[in-house]
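Q: Predicted model and sequence below, questions to follow.
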Amino acid sequence: MAEYPREELEEMVQRWLDTNKAAEEAGDWSAMADLYTEDATYGWNFGPKEDFMAVGREQIREWALGTEMVGLGGWEYPYQQILIDDKAGQVLGLWKQIADAKRSDGSNYEIGGIGGSWFRYGGNFQWSWQRDFFDFGNAAALFVEMLGDGTLSDGMAQRMKRSLGDPLPGHHKIWQAPVQIWEVPGE
């Protein structure tokens with residue numbers, strides 16, 4: 001683990017937040033891939049049977065920020081807290097997942113629990129490693145609720161239907177991904 005100047009990490013975080021906000025507004029997260037090193041890894045767990053892992057900037061662009069975000073246009077992911085460890089070159093960001101659809105009482109659909117991203121900085125204003133965490137049970141329950149209420153986007157409904165067939169790119173049976181959730185390549 002490398003130590004980095006705190007100011008550099010703070011600037012990286014601000015670049016990340018600005019790019020994330022622009023991606024939310026555009027409904028296209030692919031430009032965020034430029035904030036990863038060429039060999040970065042990005043993954044998360046989908047419960048007791050499945051992990052997602054993208055290896056390299058282009059898989060991150062195509063799968064993590066592309067395929068995985070289909071149907072989530074209009075959603076917001078406001079960061080609630082960001083913790084920076086300049087000694088380890090790591091950042092932890094805690095966020096919410098809020099849909100643009102509203103319930104009949106006027107409240108937004110929001111995934112319960114805590115969502116977050118754990119980043120390792122690779123220098124040159126790029127992440128080398130990212131792992132996300134979120135409450136899969138709450139996410140699934142919200143999508144089912146939205147489907148039942150008729151508020152789930154067509155894109156997300158189609159994505160859910162596709163996931164019932166062949167595995168989507170980057171999805172692996174647990175413990176069978178090319179890089180494991182806790183693995184940091186090169187360490």
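A: Good, I have the coordinates. Numbers count the residues shown, from 1 in each chain.
Q: List the contacts of the longest helix along the chain.
A: Using DSSP state H, we find that the single longest helix of the chain is helix 6-26. With C-beta atoms under 8 Å, 6 or more residues apart in numbering as the test, helix 6-26 has contacts from 29-32, 35, 65, 75-77, 79, 82, 84, 86, 89, 91, 93, 121, 125, 127. (C-beta placed from N, C-alpha, C; glycine too.)
Q: Write a ChimeraX command that selects only the buried members of those residues.
A: With 16 or more other C-beta atoms under 10 Å as the criterion, this ChimeraX line picks the buried residues out of these:
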select :29,32,35,65,75,76,77,79,82,84,86,89,91,93,121,127
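Q: Strands - which of the contacts of helix 6-26 land there?
A: Tyr79, Ile82, Ile84, Val91, Gly93, Tyr121, Trp127 (DSSP state E).
Q: Can you tell me how far Phe125 is from Leu9?
A: Noted for Phe125: a distance of 10 Å to Leu9, by C-beta to C-beta, to the nearest Å.
Q: do Gly74 as well
A: 30 Å.
Q: Neighbour count: those two, which is higher?
A: Leu9 (20 against 14; other C-beta atoms under 10 Å).
Q: what is the most centrally placed residue in the chain paired to in the beta sheet?
A: Closest to where the C-alpha atoms of the chain average out (C-alpha atoms, centre = their mean) is Asp132, at 5.6 Å. Bridge pairing for Asp132 (DSSP bridges) gives the partners Trp44, Ser117.
Q: so where do the helices sit in this structure?
A: Using DSSP H, helices in the chain cover 6-26, 57-59, 136-149, 154-163.
Q: list the helices and strands the helix or strand of the chain with the lowest mean pLDDT packs on?
A: The weakest-scoring helix or strand in the chain, judged by mean pLDDT, DSSP states H and E, is helix 154-163 (a mean of 79). Other elements packing on helix 154-163 under the criterion 3 or more C-beta pairs under 8 Å, 6 or more residues apart in numbering; DSSP states H and E are helix 136-149.
Q: which helices and strands does the helix it packs on pack with?
A: Helix 136-149 packs on strand 98-102, strand 108-110, helix 154-163, going by 3+ C-beta pairs under 8 Å, 6+ apart.
Q: export the ones you listed to TSV and tack on distance to Asp51 and mean neighbour count?
A: TSV is the format used below for those (distance: least, C-beta to C-beta, whole Å; neighbours: other C-beta atoms under 10 Å):
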stretch	distance to Asp51	mean neighbour count
strand 98-102	25	15
strand 108-110	25	16
helix 154-163	14	14
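Q: what's around the residue nearest to Asp86 when sequence neighbours are not counted, how many residues?
A: In space, and not counting its chain neighbours, Asp86 is closest to Arg6: 4.2 Å by C-beta to C-beta, 6 or more residues apart in numbering. When neighbours are defined as other C-beta under 10 Å, Arg6 has 12 of them.
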